[in-house]
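A.B. asks: give me a 3D structure for the following:
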Amino acid sequence: MNLKELFRKLLLILMLPLLFSCTKRTSSANVSFIDEPVKIIIASDLHYLAPSLHENSNYFKNLMSNADGKLTEYSEEIIDAWIIEVINQKPDAVILAGDLTFNGEKLSHQQLTDKLQQLTDNNIAVLVIPGNHDIDNPSAAKFDESGYTLVESVSTNEFYKIYDNFGYNEAISIDNNSGSYVYELRNDLWLLMIDINGKQKALNTKTLAFIKEVFVEAKNKNIEIIGISHQNLMAHNDLFTDSFVMGNNDELLSLYQKYDIKLHLSGHMHLQHLKTINNLNEIAQSSLTVGPCSYGILDITSENIKYSTQSLDTGKGDSINYFKNVAYQKTYNHLIAEGVETDMAKMRSIILVSSLLPLILKLSSLF
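C.D. replies: Reported below is the predicted structural model:
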């Protein structure tokens, strides 16, 4: 059975180590495949901040405790631990789906590439695209005990130059309008890296035309495609629509349906989820630096296709409860600032935080 026939039978079921579980979960579809296995690891929203840019200062710790639950002060340790796990797993490719840095600091980009080089040195292909935090970010800063000082970010061209060895220099096709590119993982499998955070902020007609040309060529050559973006292709729920779903997504969805593309990977929400429209599956990968610090593994073997999530043991305590506590406190502080009475603010904060898991379970129960 060739790859095209396999993907027609692909059924991906989202596994939920998710937001409130640290266990490894897997899902597989028992289908035939060609003899050579493929393993792809995907991580998203690393939000790496070079240690010298925060110095573990109390100012930065307080800032993060009122943020969105990222463990940015431990991003160095988290990513180092993840690099070791990836090397041990020996995947064919690693995909980083944007928001590589905290706020686009040039130093963070440079130091992150030093870490990623360890993967390429072990013959693991690394493919990146930028996220909305990574380029021309006016919030790039260095933090110390007294506050913060703005530092240099990177331009679009600087980003491509810094990450040239991580997808761009081996791309078989690049869209000059957006920076999107195609990487040939195998002669029957292409990875389409869709960029709407570099040269453009939404899919324009020229980039959609580029994608259509890629799909036509792949169809003529019987090549399967997996699409990747930072922003989501689909609206996964009503809480994550504005600024989460990429602009002009309807036109891209139409192309996916027309050319029978079965799988898309994204990030941006910091939550793990899968949504299916007709036969198209989108996996939204959670943030590597938000508890439970998970990444995705896509295994394709002669027996099955399996998507699973793996959580890191960072040694930094209960990252899930940290996220819940920060989310609660941020919601509570916001409601108090809006004039909501104290007891009502507490109740609404508890309801909001506790509602995340049932919401995700409900949406995922379709699979």
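
A.B. asks: okay, stretch 175-187 in PDB with CA atoms only?
C.D. replies: In PDB, the C-alpha atoms belonging to stretch 175-187 read as follows (Å, rounded to 0.1, in the frame of the first residue of the first chain):
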ATOM      1  CA  ASP A 175       7.800  31.100  -1.300                       C
ATOM      2  CA  ASN A 176       9.600  34.400  -1.500                       C
ATOM      3  CA  ASN A 177       6.400  36.200  -0.500                       C
ATOM      4  CA  SER A 178       6.100  34.600   2.900                       C
ATOM      5  CA  GLY A 179       9.100  32.500   3.700                       C
ATOM      6  CA  SER A 180       7.000  29.300   3.600                       C
ATOM      7  CA  TYR A 181       8.900  26.300   2.300                       C
ATOM      8  CA  VAL A 182       8.800  22.700   1.400                       C
ATOM      9  CA  TYR A 183      11.100  20.100   2.900                       C
ATOM     10  CA  GLU A 184      11.400  16.600   1.300                       C
ATOM     11  CA  LEU A 185      11.600  14.200   4.300                       C
ATOM     12  CA  ARG A 186      11.400  11.300   1.900                       C
ATOM     13  CA  ASN A 187      10.700  10.900  -1.800                       C
END
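
A.B. asks: buried residues in that stretch, which are they?
C.D. replies: 175, 177-183, 185-186 (16 or more other CB atoms under 10 Å). All C-beta spots, glycine's among them, are computed from the backbone N, C-alpha and C.

A.B. asks: hmm, who's touching it?
C.D. replies: Applying CB atoms under 8 Å, 6 or more residues apart in numbering, the contact partners of stretch 175-187 are 36, 38, 40, 92-93, 125, 127, 129-130, 156, 160, 167-168, 170-174, 190-196, 198-200, 203-204, 206-207, 210-211, 214, 223.

A.B. asks: and Asp299, how many neighbours?
C.D. replies: When neighbours are defined as other CB atoms under 10 Å, Asp299 has 19 of them.

A.B. asks: per-residue confidence for it?
C.D. replies: pLDDT recorded at Asp299 is 85.

A.B. asks: now the helices for the stretch 1-150 of the chain?
C.D. replies: For the stretch 1-150 of the chain, helices defined by DSSP state H, counting those that start in this stretch occupy the ranges 3-8, 58-65, 75-89, 106-121.

A.B. asks: including mean neighbour count, mean pLDDT and distance to Leu335, could those helices go into a markdown table?
C.D. replies: Output for these, formatted as a markdown table (neighbours: other CB atoms under 10 Å; pLDDT from 0 to 100; distance: least, CB to CB, whole Å):
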| stretch | mean neighbour count | mean pLDDT | distance to Leu335 |
| --- | --- | --- | --- |
| helix 3-8 | 16 | 42 | 46 |
| helix 58-65 | 15 | 87 | 17 |
| helix 75-89 | 17 | 93 | 29 |
| helix 106-121 | 17 | 98 | 33 |
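
A.B. asks: would TSV of the ones you listed with distance to Ser139 be doable?
C.D. replies: Compiled in TSV, the helices of the stretch 1-150 of the chain are given as follows (distance: least, CB to CB, whole Å):
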stretch	distance to Ser139
helix 3-8	40
helix 58-65	11
helix 75-89	16
helix 106-121	12
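
A.B. asks: looking at the ones you listed, spot the one closest to Ser286.
C.D. replies: Ser286 sits nearest to helix 75-89 of all the helices of the stretch 1-150 of the chain, at 12.9 Å, using CB to CB.

A.B. asks: so which elements touch the closest one?
C.D. replies: Contacts defined by 3 or more CB pairs under 8 Å, 6 or more residues apart in numbering; DSSP states H and E place helix 75-89 against strand 38-43, helix 106-121.

A.B. asks: can I get those in CSV with distance to His230?
C.D. replies: CSV is the format used below for the helices and strands packed on helix 75-89 (distance: least, CB to CB, whole Å):
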stretch, distance to His230
strand 38-43, 12
helix 106-121, 15
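
A.B. asks: nearest to Ala140, out of the ones you listed?
C.D. replies: So among these, helix 106-121 is nearest, using CB to CB, at 7.4 Å.

A.B. asks: just want the angle from the closest one to helix 75-89.
C.D. replies: Between helix 106-121 and helix 75-89, the angle comes out at 10 degrees (axes from the mean of the first three to the mean of the last three CA atoms, to 10 degrees).

A.B. asks: what's helix 106-121 in contact with?
C.D. replies: Contacts of helix 106-121 (CB under 8 Å, 6+ apart): 46, 48-50, 52-53, 79-80, 83, 86-87, 94, 96, 100-102, 126, 128, 134, 140, 151-154, 158-159, 162-163, 165-166.
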